[in-house]
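A.B. asks: Quick one, what's the 3D model for this:
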Amino acid sequence: MNPNLESTTKSVLQSGIDRAGLLRHEALQATSLMAYMTERMASGGIVAATRAILDMQFDALAACADVVKGEREPLDVAGELGSRTRSGLRFEALIQTMGKELFGSARPAGETQIGEDAHYRLSYFPPKAGVPEQPALFHVGGVLPYGDALFRMLPEACFFDRFTSRGMPVYALELRGDKDHSDFHDLTLEGVVDAISHFSGVAFDHGKSKKMVLEGYCGLASQVLAYAAAKPLECNARFKVVANFVGPVDGTKCKGLSEIMQLMPHSMVEASMRMAERTGDYVSGDQLRTTQDIALKGFLGKTPLGRFAAGWKKPEYAAVDGIDSLTPDMRKDLAGAYWISPENCRRWPVPPNLSRYTSGLFTDGVGQGGELPGSYRGRPLKLTDAVEGTQLQFVSFYGGKDALVPEATAEPLKRLFGERYKHVVHPAAGHVSYILSPNVWDKANPKALTPNPVDVILERLLAP
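C.D. replies: Modelled structure (predicted):
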């Protein structure tokens, strides 16, 4: 046989074998994903829906039984069941009106805007009067499913207040608005790094060149790490401590989310990403929300049945006639329900390039040498670049009851930074406890966070 023809034939055959192997792998993944989703839908949907219906039936039967036993009057029971029904029927409307108005409504005293560009704004919050002033915290907000307004959840539950009340000024970098008010579909990981670089420079100058704390929460912590790896010397010049709150560093350790993302056929994910890139669109909020809800079996509560069942359990909503009639628990309940609603999630999609980076943390994790699944100006990002040649101190806070991001995800930071890393787990905290439970930051509270996150940060910050 002609040597060239033989070589071509072998090449074609090998290419075919490789292609067949890829198709086999993708087919197995698709089958596994279908089985996985069927189990999640059955458990988180059918079983959960049946439980909700049976619970409501039991409540009604128990109330009627009280009448038969002579323990309650018929009109009293009829009034209760009427209130439960009315509360259930109007609960969704209350979420979409009062909940929407309350969510992200915190406007701390003295807040001023000191910077802005096409995607971001930078706000300054002065320290509380009468408290000894400490070094500042630079909060990295921005692209986050369900929106970074979470940190301004309510006037009585504002993440920034936890620091200003201890004398730490806060510089908050946030998106200028949702997708209907600010077009951020073209924002890339490089763009995020450049924004942190630019606005931290503004904050550094505003604070008279005093070193600050660089902070990121959940997926925003991953973006903070990308900046530290991309510009380690600049980061070292402006910051002394990098604080990570419940960030999925090595996302492969986040079993719920990593499992479903690793089961998704690569061709399907890639096709979705390319379509978003070519059409100048986002990775939709619905796509991101559905992935998370299926993984955590958390979708029933966002359906009409789930909303009705939630309202049925809280008959006090039947009498609500305005925001002023809400109790503190009701305010938190409605604002929180709107935060996790499909309607809010659709307001905050994710640009495809940033979605690639985040997805890579969950499918590939962090390499042994600290390699992150992204690059900056053509240079691969490595956490070791933030180790070597800097004095940066890292500290992480995780909740023992966090079903989304376990503390094991921070293993690369432990391994790479050694004594320059502090790992804190609060056993009773969940994923958003640091935001939604402001009382636990009070040392006098019986359920106080121990150690207090501000104490841990300041100890590292003020050490020689």
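
A.B. asks: Surely L381 and A228 touch.
C.D. replies: No. Contact status for L381 versus A228: not in contact, 9.3 Å apart, counting by CB atoms under 8 Å. Every residue, glycine included, has its C-beta placed from N, CA and C.

A.B. asks: Which one of those two is surrounded by more residues?
C.D. replies: Neighbours were tallied for L381 and for A228 using other CB atoms under 10 Å; the higher tally belongs to A228 (27 against 22).

A.B. asks: Leaving aside the residues adjacent along the chain, what's closest to the more buried one?
C.D. replies: A386 (4.2 Å; CB to CB, 6 or more residues apart in numbering).

A.B. asks: what do you get for K447?
C.D. replies: Take K447 and drop its neighbours on the chain: the residue closest to it by CB to CB, 6+ apart is V440, 5.4 Å away.

A.B. asks: next one: N439
C.D. replies: With sequence-adjacent residues excluded and distances taken as CB to CB, 6+ apart, N439 is closest to N445, at 5.2 Å.

A.B. asks: and the one you found, how many neighbours?
C.D. replies: If you count neighbours by other CB under 10 Å, N445 ends up with 12.

A.B. asks: tell me the SS of it?
C.D. replies: Assigned by DSSP: H, G, I helix; E, B strand; the rest coil, the conformation of N445 is coil.

A.B. asks: In this structure, which residue is most central in space?
C.D. replies: Nearest residue to the geometric centre of the chain (CA atoms, centre = their mean): C218, 4.7 Å.

A.B. asks: Now do the contacts for it.
C.D. replies: If a contact means CB atoms under 8 Å, 6 or more residues apart in numbering, then C218 has 144, 245-248, 405, 431 as its contacts.

A.B. asks: got it, and N452?
C.D. replies: Contacts of N452 were listed using CB under 8 Å, 6+ apart, and they are 441, 443.

A.B. asks: Report pLDDT for it.
C.D. replies: What the model reports for N452 is a pLDDT of 98.

A.B. asks: next one: the one 5 residues further on
C.D. replies: In the prediction, the pLDDT value recorded for I457 is 98.

A.B. asks: element containing it?
C.D. replies: Taking DSSP states H and E as the criterion, I457 maps to helix 453-462.

A.B. asks: other SSEs contacting that helix?
C.D. replies: helix 161-164, strand 239-245, strand 393-399, strand 421-426 (3 or more CB pairs under 8 Å, 6 or more residues apart in numbering; DSSP states H and E).

A.B. asks: buried ones in the next helix or strand after the second one?
C.D. replies: In other words, strand 239-245. For strand 239-245, the following helix or strand on the C-terminal side (DSSP H and E) is helix 255-263. Of the residues in helix 255-263, those buried under the neighbour-count criterion (16 or more other CB atoms under 10 Å) are 256-258, 260-263.

A.B. asks: where's the closest residue to E371 other than its chain neighbours relative to G367, distance?
C.D. replies: Of all residues not flanking E371 in the chain, K382 sits nearest, at 5.3 Å (CB to CB, 6+ apart). In this structure, K382 and G367 are separated by 8 Å, where distance is defined by CB to CB, to the nearest Å.

A.B. asks: quick one: buried residues of stretch 85-103?
C.D. replies: Of the residues in stretch 85-103, those buried under the neighbour-count criterion (16+ other CB under 10 Å) are 85-88, 90-92, 94-96, 98-100, 102-103.

A.B. asks: Of those residues, which belong to helices?
C.D. replies: Of the positions in the buried residues of stretch 85-103, 85-88, 90-92, 94, 100, 102 sit in helices, assigned by DSSP state H.
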